[in-house]
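1. Sharing a sequence plus its predicted fold:
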Amino acid sequence: MSLRDFPSPPSVKVDRRTFLKGAALGVATAALPLNSANASLWSSLFQKHFVEMDEDDRKRVIARLENEARQRYGADIQIGAADAMPDVKFGYALDLSRCIGCRRCVSACSAENNPSRNPQINWISVLRMKKGEKWIDLEGADKYYDPLAVPETDYFYIPVQCQQCENPPCVKVCPTKATWKEPDGIVVIDYDWCIGCRYCMAACPYGARRFNWSAPSIGRNEINPHTHYLGNRPRQKGVVEKCTFCIQRTREGRYPACVEVCPAGARKFGNLLDERSEIRHIIEHKRVFRLKEDLNTVPTFFYFFAS
Amino acid sequence: MQPSPCPALQSRNVSGYSKSVLFAYVSGFIVNKKLGISVALPFLRSAGHGLIPEPAHTKSSNSFNLVAAMKRFSALLILGALVVSTASDLRADDKQEFAVPPPLISEQKFPCMKCHEYWPTKKESRQLKMNHADVALKHSDPRSTEQRWCLDCHDSQDRNKLRLLNEQRIDFEQSYNLCGQCHGRVFQDWKAGVHGKRVGNWNGEKLYRLCVHCHDPHRPAFAPLKPEPIPQRPGEAHAATGTAETMRIALDGWRQAVSSTFAEIQQVLRILTSLPSRLPGHDRPGRP
């Protein structure tokens, strides 16, 4: 084909300045919050950090998020924003002599906290280790053990989740301060502030954090409608999530889902500042240790042997 | 009925405390009114703040003194309260009580005495063959030669109750005292809320269960559980539990079946190849 076969350019003469002005105007018009999708984009762009929000901001943000969840999942969810209770510091203890590695805590956590089902995200990892080995080798442990029945002889099981450290390395490295430690001890994430850089995942020595590589998919009847802004509300693609000690339950005085479901009664939870709580009894009367204590992360997740 | 036990406020301590106050007050009062008041004063100061009868410094008068009468009345009130608090603790077994759901006894079998009233009691340890033959007792150390039997825990005279080691009888609702005789450490843990499944509120009343709600007393060892499926890695289909193990067993069986089939085929071939020599006339030439 020769140049003659091509159609001639339009005869309208537009100089570069006019063109750019028109383009800028067009983009601005498109960005106007005229329909709801644009409105939520606009308001989410100018949303404040959770700790800077006042009551009205919180209400508006929660309304927007509940709306989005309704559109996306077809489910009516309630997002709470309860603050930490005064004089409360949560502690968790896990009895390694009772854990049988049945993974019911993993399923209960997924049922309660709305993680993505495909790809599957589990906040709790249950590691299987051989009895009689020299030391606890977390990196070499088997997470994908698959027997017909548990517990297996010669093996013991350690479930690992976020240790809610007192000196959390994840909080230190976050470039946007999207994750921080609340007064009741829970390390929380504002999913609308997280930029998904995954520095926190690199910093966490326990491998407790999970990333949403793709848009999370949850079935409508799998969604737990009782959520918390800093906890189990449905997340979006590109943010980090982790165990929050079921903040939506514990700030109402209830036990986390994993504690309630454990059939062996291996999990214990309570207020470290209450001398009569069972967590304090365990720390005072049992052989208690924490994982990777040499790293000085000071976890509030204790492991012990009741027998 | 005591609520969840608070280790700092054992009921026994409170009643013992009040008993000593009561004794001091009464004995002192009998000896001398003034002495009684002065002996009990330090205890009463802590127990009945503001209600302490003041020692009478002035001479007692015969006329009616309202204030003194009120003080005497309040002293009697404290006395009464102390008596009541000690009396409520004068139970036969003097053991802590826990709010537990009712034990798992079938309606048909309880109360047990409706049958056992008429059956004679045979105290020999044996395997039951008629009634209660479904109860397979397996509650002993497998390493020991001695085995438990029914009347170790069930009372022989009153079958509606359980029997402690000191022949004391307790209700089925208090069976934790029986289990706690041997499983003492676990009993201490259970009382503190550390042993057993925990549901409810961490900042509310602890919900207790009886031992028997989780452990079958006749067969306490737990059966192994089927674990939940392994965590799914991206791109993997949802696998059934025990897939690796099941596949290993299946492959073993397949391998065995194949090798046994081969062996059979070999045998058949041997027979077939030896057939011509078995036909009449081949192995013994000359014989018809």
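-> Alright, I've got the coordinates. Bear in mind the structure is a predicted one, so any value in this text is a computation, not a measurement. Numbering: from 1, shown residues only, chains lettered A, B, ... in the order given.
2. buried sites along stretch B:142-153?
-> B:149, B:153 (16 or more other CB atoms under 10 Å in any protein chain shown). For every residue, glycine as well, the C-beta is placed using N, CA and C.
3. Show me what it is in contact with.
-> B:121, B:123, B:125-126, B:128, B:132, B:135, B:137, B:139-140, B:162-163, B:178, B:217 (CB atoms under 8 Å, 6 or more residues apart in numbering or on different chains).
4. got it, and stretch A:49-65?
-> A:40, A:43-44, A:47-48, A:79, A:81, A:177-178, A:180, A:190, A:192-193, A:229-230, A:233.
5. switch the cut-off to 6 Å
-> Contact with stretch A:49-65 is made by A:40, A:43, A:48, A:79, A:81, A:190, A:193, as judged by CB atoms under 6 Å, 6 or more residues apart in numbering or on different chains.
6. same check, this time on stretch A:215-232
-> Taking CB under 6 Å, 6+ apart as the rule, stretch A:215-232 contacts A:73-75, A:77-81, A:112-114, A:116-118, A:188, A:233, A:235, A:237, A:244, A:247-248.
7. now those: which count as buried?
-> Using 16+ other CB under 10 Å, the buried ones in those are A:73, A:75, A:77, A:79-81, A:112-114, A:116, A:188, A:233, A:235, A:244, A:247-248.
8. Keep only those of those residues that are in helices.
-> A:73, A:112-113, A:247-248 (DSSP state H).
9. Quick one, grab the pLDDT at residue B:66.
-> What the model reports for residue B:66 is a pLDDT of 72.
10. tell me the phi and psi of residue B:172?
-> Main-chain torsions, residue B:172, degrees, to the nearest 10: phi -60, psi -30.
11. Hmm, residue A:122 and residue A:161 touching each other?
-> No: counting by CB atoms under 6 Å, residue A:161 stays clear of residue A:122, with 9.3 Å between them.
12. more neighbours, the two?
-> Set residue A:161 next to residue A:122 and count neighbours by other CB atoms under 10 Å in any protein chain shown: residue A:161 wins out with 25 against 19.
13. residues in contact with that one?
-> If you count contacts by CB under 6 Å, 6+ apart, then residue A:161 has A:123-124, A:208, A:243 around it.
14. how about the residues of the stretch 51-200 of chain B that lie near chain A?
-> Proximity of the stretch 51-200 of chain B to chain A is confined to B:189, B:192-194, B:196-199 under the rule CB under 6 Å from any CB of the partner chain.
15. if you set the cut-off to 10 Å instead, what comes out?
-> By the rule CB under 10 Å from any CB of the partner chain, the part of the stretch 51-200 of chain B lying against chain A is B:183, B:185-186, B:188-200.
16. where does chain A have low pLDDT?
-> For chain A, the stretches flagged by pLDDT under 70 are A:1, A:33-39, A:134.
17. Quick check, central residue of it?
-> residue A:241 (2.5 Å; CA atoms, centre = their mean).
18. State the pair within the contacts of stretch A:49-65 that is farthest apart.
-> A:40 and A:81 (18.2 Å; CB to CB).
19. ranges for the strands of the stretch 201-307 of chain A?
-> A:210-211, A:226-228, A:240-241, A:267-271, A:287-289, A:301-305 (DSSP state E, counting those that start in this stretch).
20. scratch that, the stretch 1-150 of chain A
-> Under DSSP E, counting those that start in this stretch, the stretch 1-150 of chain A gives strands at A:78-80, A:90-95, A:125-130.
21. and those strands, which is most packed in?
-> Greatest average neighbour count among the strands of the stretch 1-150 of chain A goes to strand A:90-95 (a mean of 24), per mean count of other CB atoms under 10 Å in any protein chain shown.
22. Now do the end-to-end distance for stretch A:195-208.
-> Terminal residues of stretch A:195-208 lie 18 Å apart, using CA to CA, to the nearest Å.
23. How much space separates residue B:226 from chain A?
-> Separation of residue B:226 from chain A (CB to the nearest CB, to the nearest Å) stands at 6 Å.
24. same deal with residue B:224?
-> Distance of residue B:224 to chain A, given as CB to the nearest CB: 4 Å.
25. Quick check: closest non-adjacent residue to that residue.
-> residue A:149 (3.7 Å; CB to CB, 6 or more residues apart in numbering or on different chains).
26. which ones are touching the one you found?
-> Counting by CB atoms under 10 Å, 6 or more residues apart in numbering or on different chains, residue A:149 makes contact with A:100, A:102, B:223-227, B:241-242, B:245.
27. Could you export those as JSON lines, including neighbour count and secondary structure?
-> What follows is the contacts of residue A:149, written out as JSON lines (neighbours: other CB atoms under 10 Å in any protein chain shown; DSSP: H, G, I helix; E, B strand; the rest coil):
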{"residue": "A:100", "neighbour count": "21", "secondary structure": "coil"}
{"residue": "A:102", "neighbour count": "23", "secondary structure": "coil"}
{"residue": "B:223", "neighbour count": "7", "secondary structure": "coil"}
{"residue": "B:224", "neighbour count": "15", "secondary structure": "coil"}
{"residue": "B:225", "neighbour count": "16", "secondary structure": "strand"}
{"residue": "B:226", "neighbour count": "12", "secondary structure": "coil"}
{"residue": "B:227", "neighbour count": "24", "secondary structure": "coil"}
{"residue": "B:241", "neighbour count": "18", "secondary structure": "coil"}
{"residue": "B:242", "neighbour count": "18", "secondary structure": "coil"}
{"residue": "B:245", "neighbour count": "14", "secondary structure": "helix"}
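28. Confidence-wise, which of those comes last?
-> Lowest confidence among the contacts of residue A:149: residue B:241, with 62.
29. The closest residue to residue A:183 other than its chain neighbours and residue B:96, how far apart?
-> Using CB to CB, 6+ apart and skipping residues adjacent in sequence, the residue nearest residue A:183 is residue A:84, 4.5 Å away. Remark: distance between residue A:84 and residue B:96 (CB to CB, to the nearest Å) = 34 Å.
30. okay, the two: which has more neighbours?
-> More crowded of residue A:84 and residue B:96, by other CB under 10 Å: residue A:84, with 17 against 14.
31. thought the more buried one was touching residue A:90?
-> Yes: with contacts counted by CB atoms under 10 Å, residue A:84 reaches residue A:90, the gap being 9.3 Å.
32. Need the overlap of contacts for those two.
-> In contact with both residue A:84 and residue A:90: A:182, A:184-186, A:247, A:250-251, using CB under 10 Å, 6+ apart.
33. Helices of chain A, residue ranges please.
-> Along chain A, counting by DSSP H, helices occupy A:16-31, A:36-45, A:55-73, A:104-113, A:169-173, A:199-203, A:247-250, A:257-261, A:278-285.
34. can you list the ones you listed in CSV and add distance to residue B:104?
-> CSV is the format used below for the helices of chain A (distance: least, CB to CB, whole Å):
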stretch, distance to residue B:104
helix A:16-31, 66
helix A:36-45, 54
helix A:55-73, 41
helix A:104-113, 22
helix A:169-173, 46
helix A:199-203, 47
helix A:247-250, 29
helix A:257-261, 21
helix A:278-285, 25
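35. Tell me which of the ones you listed lies nearest to residue A:292.
-> helix A:169-173 (10.6 Å).
36. Thank you kindly, that will do.
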